[in-house]
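K.L.:
Build me a model:
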Amino acid sequence: QQQQQEQVLLAAAEPSAAPAPDALEEPAVLPAAAAAEKDESGPDGKISSLTESASETPAEKQDNNNNDSKEQTVEQTQENASPPATEANAAAAVGVPEPAQSSEEPASGPGEKPAGEKEGEPEAKTQLQPQPQTQQQSQPQPQPQPQIEPQPQATAAADDVAIVALRCKGRSGTVDLLQLATPQGVYIFDCVLLGVAEVCRALEWLLVSPSVVKLLHDVHKDALALQRLGGVRLQRVLDTQVGAELLSREQLHVGFNKLLEELGGGLTHAAKTKMQTAMDEDAELWRKRPLKEEYFVYAALDVALLLKAHGRLRERLGLQYAAAQRASDLRVQHALANQGRRAVAFDAARNHSMSSAEVLQVLQEEGRQLEHKQPAAAGGDAGELPQLNNEELQTLIAMLPASFTQGVLADCQTLDQLADVELDVGRPPMAHIGGKRLRLCEDSTVVVTAEDLDTVISKLGGPDVFGPNNRVNSRSWLHRISAMRGRGGEICGITARVGRAVTGCAAPFRDLFCGMRDKSVLVLGSPGAGKTTIIRDVARLLAEEANVVIVDTSNEIAGDGQVPHPCVGEARRMMVPSLSMQSEVMIECVQNHTPHCMIIDEIGRPKEVEAVRMARQRGVRLIAGARGTFTGLTKLPDLCGLLGVSVANDKGDLQRTTDPAFDVVVELNSGERHAWTVITDTARAVDLHLAGKTLPIQTRVRDPTTGAVEVEFTDPDSDL
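P.N.:
Numbering: from 1, shown residues only. From the prediction side, this is the model:
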């Protein structure tokens with residue numbers, strides 16, 4: 001019996017007779033024996049962890065359980081007791097009608113054995129149910145204990161539904177604790193010991209009930225975990241984060257403490273920062289047993305404060321309360337469809353700022369004129385899909401010998417992934433397709449001849465089209481054709497890097513490029529990841545409203561011809577005579593052409609870092625590309641200055657000594673065409689990285705079929 005009692009972690013608190021104050025005191029989390037002793041003081045509501053004291057003997061525990069002179073907070077029932085009796089007590093706790101009782105086995109009353117159980121027979125299972133307390137006038141009143149006050153019944157919805165608060169604790173994708181706050185008290189279920197599926201099965205009637213509104217804050221991960229691990233799909237949800245976004249459209253990812261602060265009334269969760277530190281040190285904190293008492297207090301306050309905040313939030317929302325409920329139900333649908341990621345859209349009416357897709361959809365239904373309403377599955381218009389123009393690619397392929405185009409290049413899907421074509425005399429013709437190096441001809445004996453190269457060169461315009469840098473300079477296309485020469489200067493090989501104009505490929509970053517007009521953005525990625533393709537589309541977007549000048553290092557952004565390629569729109573272009581002169585051309589651009597925004601294809605040398613910092617000091621916005629990753633860039637002596645980092649001492653320790661030249665970083669994931677990592681506060685990210693802490697990032701994913709954008713936030717300062 002002792003072992004069974006130790007496995008039960010349902011914390012129950014009874015409502016106080018006194019009216020609830022605005023401020024919420026920290027609850028007392030007591031062992032079971034201490035909770036029974038505290039009950040002598042009267043009807044004060046409290047939370048019990050109900051884990052047995054290590055110093056208490058089994059005999060003492062049995063004496064406490066049999067002490068009928070004290071009001072019981074825990075009633076033990078037999079394992080084969082009627083399930084409707086358990087649901088009836090739980091239903092009464094949240095204020096919904098009781099499930100029908102079986103006529104054959106009536107529910108047991110307080111303090112009574114369930115029907116069919118013999119006196120003195122040990123129980124097979126321990127269950128905990130909240131029981132009403134009666135005030136004992138003869139008992140002396142001890143020092144008042146911290147308590148959780150119940151949510152006033154006045155906060156019930158207009159259709160008289162019940163309101164409960166629900167949250168889950170654990171690593172991403174797991175449920176170690178499930179917390180539930182009702183007007184009657186707070187309950188904590190240990191899903192590590194009891195099992196997530198078992199807990200969800202017992203609470204399924206509540207989690208799916210349309211008569212019970214479930215309050216959650218940022219429902220995405222909780223909804224997905226409860227469905228995956230517990231087999232339960234949440235119904236009738238109110239996400240308080242949705243309510244916060246409706247109150248202030250500038251807030252997309254509002255933290256719980258921030259919401260409490262804005263609602264006022266003295267509500268605050270002071271332990272958040274301390275718990276974040278503890279979780280940074282131990283990612284498995286919520287799975288370890290025994291769980292510390294202070295963690296129970298923290299978990300209980302999480303849902304108690306959430307329930308307490310509901311009344312104030314509803315009052316502030318007013319007529320938008322119903323919209324918040326509709327948007328919350330849509331959010332659950334999106335979270336399950338998007339693997340827990342947030343569905344977002346970009347609101348042109350609000351400077352292309354990122355908003356929750358479900359909020360925009362609900363507002364659209366109310367007659368608002370918005371742009372990029374997504375995702376289509378929820379009833380909105382599909383997001384913007386990138387449009388690939390392969391006409392120039394067909395022109396390039398037509399220059400190759402016919403025997404080279406009958407193999408892998410005959411497949412249209414292969415062409416979409418084609419990156420390079422390599423022709424070397426005496427070697428098989430090769431191509432880089434989808435990250436793999438493949439032969440162009442199925443016959444392995446076929447090799448490139450000097451005549452094959454002459455055919456390609458003649459179609460390009462002859463040997464004279466190659467400039468001093470061995471690149472073709474005469475065509476206004478985006479492909480880069482480069483020659484390899486022998487000792488005598490003769491051409492012995494050709495490399496064709498495919499360039500593409502993909503309209504709409506920058507759409508997932510519309511808020512960064514078109515909304516944050518004063519922020520400079522650095523695009524990072526490995527060679528061939530698509531940095532230049534995105535930068536081309538950004539140039540087109542920004543040139544619609546601003547003076548945009550491209551410093552085109554190797555003419556890859558706007559093509560080799562004197563007239564910039566149409567894909568960059570109205571943007572202007574300055575060519576760079578040689579790589580060593582790029583920094584000088586950047587300074588010339590700032591001094592002579594007064595750009596609002598300067599775009600550079602690739603920064604890779606110290607002089608260019610200095611030119612970037614000079615341009616920022618003069619108020620020019622920069623959009624630039626560079627090779628590598630964010631964390632790798634901090635360690636490169638030549639380029640770490642872009643992030644404001646320098647070497648602190650002879651040991652090579654790094655420190656941030658100045659503001660980064662770029663406010664935002666977009667990192668392209670190698671091999672991923674529809675997933676990116678975004679850092680919206682470079683200075684903070686650098687400081688956290690140098691301190692060895694988790695980076696605050698966004699993971700943005702685009703649905704390749706609809707163009708809908710999904711976002712997952714990872715922030716060490718977000719709510720737990």
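K.L.:
Can you tell me how far Lys169 is from Met275?
P.N.:
Counting by C-beta to C-beta, to the nearest Å, the gap from Lys169 to Met275 is 10 Å. Every C-beta, even on glycine, is put in place using the N, C-alpha and C of the backbone.
K.L.:
any low-confidence regions in the stretch 251-400 of the chain?
P.N.:
Flagging of the stretch 251-400 of the chain using pLDDT under 70 yields the residue ranges 367-383.
K.L.:
how about Leu319, what does it touch?
P.N.:
With contacts defined as C-beta atoms under 8 Å, 6 or more residues apart in numbering, Leu319 has no neighbours.
K.L.:
Quick check: it vs Glu366, distance?
P.N.:
In this structure, Leu319 and Glu366 are 10 Å apart, going by C-beta to C-beta.
K.L.:
between Lys169 and Met275, which one's more packed in?
P.N.:
For Lys169 versus Met275, the count of surrounding residues by other C-beta atoms under 10 Å is larger for Lys169: 24 against 19.
K.L.:
That one contacts Arg287, doesn't it?
P.N.:
No. The criterion here is C-beta atoms under 8 Å, and Lys169 misses it with Arg287 at 9.6 Å.
K.L.:
For those two, list the residues in contact with both.
P.N.:
Common contacts of Lys169 and Arg287, defined by C-beta under 8 Å, 6+ apart, comprise Asp176.
K.L.:
Pull the contacting residues for Arg437.
P.N.:
Arg437 makes contact with 430-431, according to C-beta under 8 Å, 6+ apart.
K.L.:
for it, helix, strand, or coil?
P.N.:
Under the three-state scheme (DSSP: H, G, I helix; E, B strand; the rest coil), the conformation of Arg437 reads as strand.
K.L.:
now it: how far from Glu422?
P.N.:
Counting by C-beta to C-beta, the gap from Arg437 to Glu422 is 8 Å.
K.L.:
what touches both of those two?
P.N.:
In terms of C-beta under 8 Å, 6+ apart, Arg437 and Glu422 are both contacted by the residues 430-431.
K.L.:
pretty sure Leu224 is touching Gly340, no?
P.N.:
Yes. With contacts defined as C-beta under 8 Å, Leu224 counts as touching Gly340 at a distance of 4.0 Å.
K.L.:
Give the residues shared as contacts by the two.
P.N.:
Here Leu224 and Gly340 share the contacting residues Gly173, scored by C-beta under 8 Å, 6+ apart.
K.L.:
Val175: what's it in contact with?
P.N.:
Residues counted as contacts of Val175 (C-beta under 8 Å, 6+ apart) are 168-169, 191, 196, 222, 225-226, 229-230.
K.L.:
Looking at these, which are in strands?
P.N.:
Among the contacts of Val175, DSSP state E puts 168-169 in strands.
K.L.:
Out of the contacts of Val175, which is nearest to Asp452?
P.N.:
Compare each of the contacts of Val175 with Asp452 using C-beta to C-beta and the shortest gap goes to Ala225, at 58.6 Å.
K.L.:
Please enumerate the helices of the stretch 301-450 of the chain.
P.N.:
Remark: helices assigned in the stretch 301-450 of the chain by DSSP state H, counting those that start in this stretch are 321-337, 357-365, 391-398, 412-416, 450-460.
K.L.:
Which of the ones you listed sits closest to Asn592?
P.N.:
Closest approach to Asn592 among these (C-beta to C-beta): helix 391-398, 31.5 Å.
K.L.:
Am I right that Asp222 is in contact with Lys169?
P.N.:
No. Taking contacts as C-beta under 8 Å, Asp222 lies outside contact range of Lys169: 9.7 Å.
K.L.:
Could you give the number of residues near the nearest residue to Leu246 once chain neighbours are set aside?
P.N.:
In space, and not counting its chain neighbours, Leu246 is closest to Gln320: 5.0 Å by C-beta to C-beta, 6 or more residues apart in numbering. Counted with other C-beta under 10 Å, the burial measure for Gln320 works out to 18 neighbours.
K.L.:
Over to the one 4 residues further on?
P.N.:
The tally of other residues near Ala324 (other C-beta under 10 Å) stands at 24.
K.L.:
That one reaches Gln241, doesn't it?
P.N.:
No. Ala324 sits out of contact with Gln241 when judged by C-beta under 8 Å, with a separation of 9.8 Å.
K.L.:
quick one on the thing from earlier: so of the helices of the stretch 301-450 of the chain, which one's packed in deepest?
P.N.:
Of all the helices of the stretch 301-450 of the chain, helix 357-365 carries the top mean neighbour count, a mean of 24, counting by mean count of other C-beta atoms under 10 Å.
K.L.:
How far off centre is it?
P.N.:
Chain-centre distance of helix 357-365: 20 Å, with C-alpha atoms, centre = their mean, to the nearest Å.
K.L.:
CA atoms of it as CSV?
P.N.:
Coordinates of the C-alpha atoms in helix 357-365 are reproduced here as CSV (Å, rounded to 0.1, in the frame of the first residue of the first chain):
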residue,chain,number,x,y,z
ALA,A,357,-2.1,32.3,-39.4
GLU,A,358,-5.2,31.4,-37.4
VAL,A,359,-5.5,35.0,-36.0
LEU,A,360,-5.3,36.5,-39.5
GLN,A,361,-7.9,33.9,-40.7
VAL,A,362,-10.4,34.8,-38.0
LEU,A,363,-9.9,38.5,-38.6
GLN,A,364,-10.4,37.9,-42.3
GLU,A,365,-13.7,36.2,-41.6
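K.L.:
If I take it and helix 321-337, what angle do their directions form?
P.N.:
Angle of helix 357-365 versus helix 321-337, following axes from the mean of the first three to the mean of the last three C-alpha atoms, to 10 degrees, is 140 degrees.
K.L.:
Surely Leu317 is in contact with Leu247?
P.N.:
Yes. Judged on C-beta under 8 Å, Leu317 makes contact with Leu247 at a distance of 6.8 Å.
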